[in-house]
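Enquirer: This is a predicted model, with the sequence first.
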Amino acid sequence: MKILVTGGSGYIGSHTVIELINAGHEAVVIDNLSNSSEKSLERVAKIVGKEIPFYKVDIRDREGLEKVFEKEKIEACIHFAGLKAVGESCVKPWEYYENNISGTLVLVDVMRKHGVKNIIFSSSATVYGDPDTVPVTEKSPKKPCTNPYGTTKSMLETILTDIQTADPEWNVVLLRYFNPIGAHESGLIGENPNGIPNNLMPYITQVAVGKREKLGIFGNDYDTVDGTGVRDYIHVVDLAIGHVKAVERFSLNKGTEIFNLGTGKGTSVLELVHAFEDATGVKIPYEIKDRRAGDIATNYADASLAAKELGWTAKYDIKRACQDSWRWQKNNPNGFEE
Ligand code: NAD
Ligand code: WQD
C-alpha cells in the first residue's frame, strides 16, 4: 500500500517508515519539522536504500495537504503528527488543542475528499489515566487525563470513532502506545528531544553521554516493587512493526479497532536504570526527588488482543532497548546535528 505517514520524520514515525518499506509498502512523509529534523529521513534513506518522498507540510494546512493527495496516490494514513510534551501542554493548552485536534480534523477532511478512509492513529496509554487494575486491557475504562496533551488523545479517539460510525467505509485503528524506548540497531536514528528530556530513557542516555550530571528519580515511595514508578517500556522497532500489522486490518473492514501496544511487563525506574548500566557498562548517577505532579504508580499493558488479532507481540527486551538507545546517543551526542 502507499501510506501517508504524518509526523514521519519524528521518533516513532521514522522507525515506522523503515518497517513499512521492509514489509513492501510505499511511504510518503509529511511533517512540519516542529519537533524533528529532515536529516532523520536522510538516515532512513541510508538504512532502506531509497529516498522517501517528503513534503514539509503542516497538517493544519489544507492546501498543502491537498497538493500531496493530488500528487501521490495515497491509500491510507498513519497519523503520528502532533505535539506530545505533557508539561508543555499544561502551559500551552490552546496550542495543543489547536495543533492536535484542528490538525487531525483538517487531515481527515482532506483524506475523505480524496476517498482515503483508512487511518491508524497514535494514541497513548495516557487515556487510561490512573487505572484501577493492571494490566490494562482495551476494555479498561478511559479515565480523565491529567493534562491537555492526554485529553487531545482521548478526544481524537472519540472523534475518529464517531466519524467511522457515521461512515462505515472508514477503517480506524487506534493504537495505544505504552512507553516507547530504544532505537534502530544501526544507531542512525533515535529519539531526539529538544531541551531537557521529559521522558526517562532520553534523560538516562543524556546522563550517560555526559550532557546531564545525574538523573532525578521522581519518587521512591510508590506502592511498587522498589518504590519507583512502574511502566511498560516497549522497543520502538516493535512499536513500528505493530503499525505494519495494523495496516493489514484495513482490508478486513472491521470499523474502529483499538489495540494496546506494550510488552505486558512492568519495569520500575530503578530496574530500568540498572538494566541500562548492565547492558552498557555505563554508571548512571541519580538522586531521589519528589514525586512529579500527575504521575501514577503503575501502568502496563495487557497486550493479548494485539497478539490474537494482529499476530503481533513485542520481541525485543529491555536490555536490547537500552543497548540500542545507547548506541544512538553515543554516536549522536547532539542528535541529528553533525
Ligand atoms: P515526535 O515529536 O518525534 O514526532 C511527532 C512529529 O509530528 C514531529 O516530527 C513533529 O515535527 C510533527 N508535527 C507536530 N505537529 C505537526 C503538524 N501540525 N503538522 C505536521 N507535522 C507535525 O513524537 P513521537 O514520539 O514520534 O510521537 C509520535 C506520535 O505518537 C505522537 O502523536 C505522540 O503523541 C504519540 N505517542 C508518543 C508516545 C511517546 O512516548 N513517544 C507515547 C504515546 C503516543
Ligand atoms: C516514566 C517513569 C517517571 C523522567 C509519558 C506521558 C505519556 C506517554 C509516554 C505520550 C515515571 C519516571 C521520568 C525522569 C523519572 N507519552 N521519571 N525521572 O510519564 O509514563 O509517560 O510518556 O503519549 O502520555 O505521560 O513516561 O518517561 O516521563 O516517565 O524518575 O527524569 O520515569 O516518574 O515513573 P510516563 P516518562
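Expert: That came through fine. Ligands and ions are numbered 1, 2, ... in the order given.

Enquirer: hang on, isn't Thr146 packed against Tyr128?
Expert: No. When contacts are counted by CB atoms under 8 Å, Thr146 is not listed as touching Tyr128 (11.6 Å). In short, each C-beta sits where N, CA and C put it, glycine included.

Enquirer: Looking at these two, which one has more neighbours?
Expert: The residue with more neighbours, out of Thr146 and Tyr128, is Tyr128; 25 against 17, by other CB atoms under 10 Å.

Enquirer: wait, isn't that one in contact with Cys145?
Expert: No. Because the distance of 9.3 Å does not satisfy CB under 8 Å, Tyr128 is recorded as not touching Cys145.

Enquirer: what distance separates whichever strand or helix holds Glu287 from the middle of the whole chain?
Expert: Element membership for Glu287 (DSSP states H and E) is strand 286-289. When C-alpha coordinates are averaged (CA atoms, centre = their mean, to the nearest Å), strand 286-289 and its chain have centres 27 Å apart.

Enquirer: Show me the beta-bridge partners of Tyr233.
Expert: With beta bridges defined as DSSP bridges, Tyr233 has these partners: Asn179.

Enquirer: give me every residue that touches it.
Expert: Residues near Tyr233 by CB atoms under 8 Å, 6 or more residues apart in numbering: 178-181, 201, 263, 267, 272, 318, 321.

Enquirer: Quickly note the distance from it to Phe178.
Expert: 7 Å (CB to CB, to the nearest Å).

Enquirer: Next: Val91.
Expert: The gap separating Val91 from Phe178 is 25 Å, by CB to CB.

Enquirer: Can you pick out the residue with more neighbours from these two?
Expert: Shown here are Val91 and Phe178; by other CB under 10 Å, Phe178 has more neighbours (28 against 10).

Enquirer: what pLDDT does that one get?
Expert: pLDDT for Phe178: 98.

Enquirer: Thought Leu261 was touching it, still the case?
Expert: Yes. Counting by CB under 8 Å, Phe178 touches Leu261, with 6.8 Å between them.

Enquirer: before we move on, back to that, tell me which residues of the strand holding Glu287 are tucked away?
Expert: By neighbour count with 16 or more other CB atoms under 10 Å, strand 286-289 contains the buried residues Tyr286.

Enquirer: partners of that strand, with directions?
Expert: Strands adjacent to strand 286-289 in the sheet, as given by DSSP bridges, are strand 215-218 (parallel).

Enquirer: What residues of the strand it pairs with count as buried?
Expert: Along strand 215-218, these residues count as buried under the neighbour rule (16+ other CB under 10 Å): 215, 217-218.

Enquirer: Would you mind identifying the next helix or strand past that strand?
Expert: Per DSSP H and E, the first helix or strand lying C-terminal to strand 215-218 is strand 230-231.

Enquirer: How about residues contacting that following strand?
Expert: With contacts defined as CB under 8 Å, 6+ apart, strand 230-231 is touched by 178-179, 200, 222, 224, 266-268, 297-300.

Enquirer: Would that strand count as contacting ligand 2?
Expert: Yes. Part of strand 230-231 sits near ligand 2 under the criterion CB under 6 Å from any ligand atom, namely Arg231.

Enquirer: Averaged pLDDT, the strand holding Glu287. What do you get?
Expert: Averaging pLDDT along strand 286-289 yields 98.

Enquirer: likewise stretch 51-69?
Expert: Along stretch 51-69, the predicted local confidence has a mean pLDDT of 98.

Enquirer: Which part of this structure gets nearest to ligand 1, residue-wise?
Expert: In the chain, the residue that lies nearest ligand 1 is Gly10 (2.1 Å; CB to the nearest ligand atom).

Enquirer: which residues does that residue contact?
Expert: Gly10 makes contact with 31, 35-36, 40, 80-81, according to CB under 8 Å, 6+ apart.

Enquirer: Kindly reformat the residues you listed as JSON lines containing distance to ligand 1 and pLDDT.
Expert: Conversion of the contacts of Gly10 to JSON lines gives the following (distance: CB to the nearest ligand atom, whole Å; pLDDT from 0 to 100):
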{"residue": "Asp31", "distance to ligand 1": "4", "pLDDT": "98"}
{"residue": "Asn35", "distance to ligand 1": "4", "pLDDT": "97"}
{"residue": "Ser36", "distance to ligand 1": "3", "pLDDT": "97"}
{"residue": "Ser40", "distance to ligand 1": "8", "pLDDT": "98"}
{"residue": "Phe80", "distance to ligand 1": "4", "pLDDT": "99"}
{"residue": "Ala81", "distance to ligand 1": "4", "pLDDT": "99"}
